[in-house]
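**Student:** Output the structure for:
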Amino acid sequence: MFAPCKASIEYDGKLDDTNAIFGNYDVKMGARIYASDTDTAPLSLPEQEFTVTFEMPVTDLATLYEEDVSEEKSETVEYLNEKFRAKV
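**Tutor:** Numbers count the residues shown, from 1 in each chain. Model (predicted):
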């Protein structure tokens, strides 16, 4: 039988880079392994430890999705010209 768990941090304030929620968190994950459904004492408790860092999210989408293109590699695309607009 598996019983998944989820950790969540709920914060109902406006975030800026000075909030105390940002920083490093030490996380320990583990599982209890039993020999059968009726056992009450686990055979082993394997654990993993790691650090999670919460940082201010990048909200400037230009830094995420736009790329620098030099002038010689750029291209101008005409989406609407006078001829097409007259038909509309």
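**Student:** show me the contacts for the spatially most central residue of the chain.
**Tutor:** The centre of the chain sits closest to residue 57, judged by Cα atoms, centre = their mean, with a distance of 9.0 Å. Counting by Cβ atoms under 8 Å, 6 or more residues apart in numbering, residue 57 makes contact with residue 15. From N, CA and C alone the C-beta is placed, and that goes for glycine too.
**Student:** pLDDT at it, what is it?
**Tutor:** Looking at residue 57, its pLDDT reads 79.
**Student:** do the one 3 residues further on as well
**Tutor:** At residue 60, the pLDDT value in this model is 76.
**Student:** That one and residue 17, how far apart?
**Tutor:** 13 Å (Cβ to Cβ, to the nearest Å).
**Student:** ditto for residue 29
**Tutor:** 28 Å.
**Student:** swap in residue 76?
**Tutor:** Distance, residue 76 to residue 17, by Cβ to Cβ: 38 Å.
**Student:** Looking at these two now, which is surrounded by more residues?
**Tutor:** A side-by-side neighbour count of residue 76 and residue 17, using other Cβ atoms under 10 Å, places residue 17 first with 7 against 4.
**Student:** tell me which element that one is part of?
**Tutor:** Using DSSP states H and E, residue 17 sits within no helix or strand.
**Student:** surely it meets residue 58?
**Tutor:** No - shown here, residue 17 and residue 58 do not form a contact pair, counting by Cβ atoms under 8 Å, at 11.6 Å.
**Student:** in the chain, which spans are strands?
**Tutor:** Taking DSSP state E as the criterion, the chain contains strands spanning 23-30, 47-54.
**Student:** so where do the helices sit in this protein?
**Tutor:** 61-65, 82-87 (DSSP state H).
**Student:** Now the weakest link among these, please, by mean pLDDT.
**Tutor:** In terms of average pLDDT, helix 82-87 trails the rest of the helices of the chain, at a mean of 57.
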